[in-house]
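S.K.: Structure for the following, please:
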Amino acid sequence: MKNDNLLKKLRLKTEEKLLILNAPPDFAEQLEEVVFFDGVSENAPKKFDFVMAFVHDTKDLNVIFHTTVKHQKYDAIFWLAYPKISFETDLNRNNGWQIVENAGFECVSQTILDEKWAALRFRPEGVVI
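M.R.: Just a heads-up that it's a prediction; the model follows:
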């Protein structure tokens with residue numbers, strides 16, 4: 001595996017049903033041997049154990065968010081990746097996540113994926129005590 005550290009950081013288990021949306025090519029390359037769905041189709045599972053979406057700004061987030069929620073199991077590992085501050089975006093660790101919070105999710109952790117992307121992990125409110 002090219003990047004075991006990345007898998008551990010994201011709590012990604014290769015045997016789970018994985019949905020990763022809008023992944024940039026360099027990120028997908030790091031997953032080398034990991035099998036994941038990059039979209040939702042008739043052949044895809046109805047619910048996923050791990051859901052991650054890459055969004056460039058709140059406009060992207062608003063478009064893709066409901067797809068991510070609809071296709072994840074309750075309390076699935078759920079990450080939203082966004083460009084780091086050095087790139088043009090209206091998202092950051094503390095701002096732009098209202099649609100997620102209004103849907104009953106809370107941010108529980110943050111990680112840096114690479115020089116371009118950071119990610120926030122969300123869980124249903126009340127799960128983490």
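S.K.: Would you mind finding the longest helix in this structure?
M.R.: Using DSSP state H, we find that the single longest helix of the chain is helix 58-70.
S.K.: what's that helix packed up against?
M.R.: strand 18-21, strand 48-54, strand 72-83, helix 98-102 (3 or more CB pairs under 8 Å, 6 or more residues apart in numbering; DSSP states H and E). Yep, even glycine has a C-beta here, placed from its N, CA and C like the rest.
S.K.: repeat that for 7 Å
M.R.: Helix 58-70 is packed against strand 48-54, helix 98-102, with contacts defined by 3 or more CB pairs under 7 Å, 6 or more residues apart in numbering; DSSP states H and E.
S.K.: Would you mark the buried spots in that helix?
M.R.: The neighbour-count check on helix 58-70 (16 or more other CB atoms under 10 Å) flags 58, 60-61, 64-65, 68-69 as buried.
S.K.: Listing request: residues of the protein with sub-threshold pLDDT.
M.R.: 1-3, 33, 42-44, 129 (pLDDT under 70).
S.K.: partner residues bridging the spatially closest residue to Ser109 that is not a sequence neighbour?
M.R.: The spatially closest residue to Ser109, leaving aside those adjacent along the chain, is Arg121, at 4.6 Å (CB to CB, 6 or more residues apart in numbering). Beta-bridge partners recorded for Arg121 (DSSP bridges): Trp79, Ser109.
S.K.: how much space between Arg121 and Glu88?
M.R.: 24 Å (CB to CB, to the nearest Å).
S.K.: More neighbours: which of the two?
M.R.: Under the neighbour definition other CB atoms under 10 Å, Arg121 and Glu88 were set side by side, and Arg121 has more, 18 against 8.
S.K.: measure that one to Lys13 for me?
M.R.: Arg121 is 15 Å from Lys13, where distance means CB to CB.
S.K.: now do Phe54
M.R.: 20 Å.
S.K.: again with Leu31
M.R.: In terms of CB to CB, Leu31 sits 13 Å off from Lys13.
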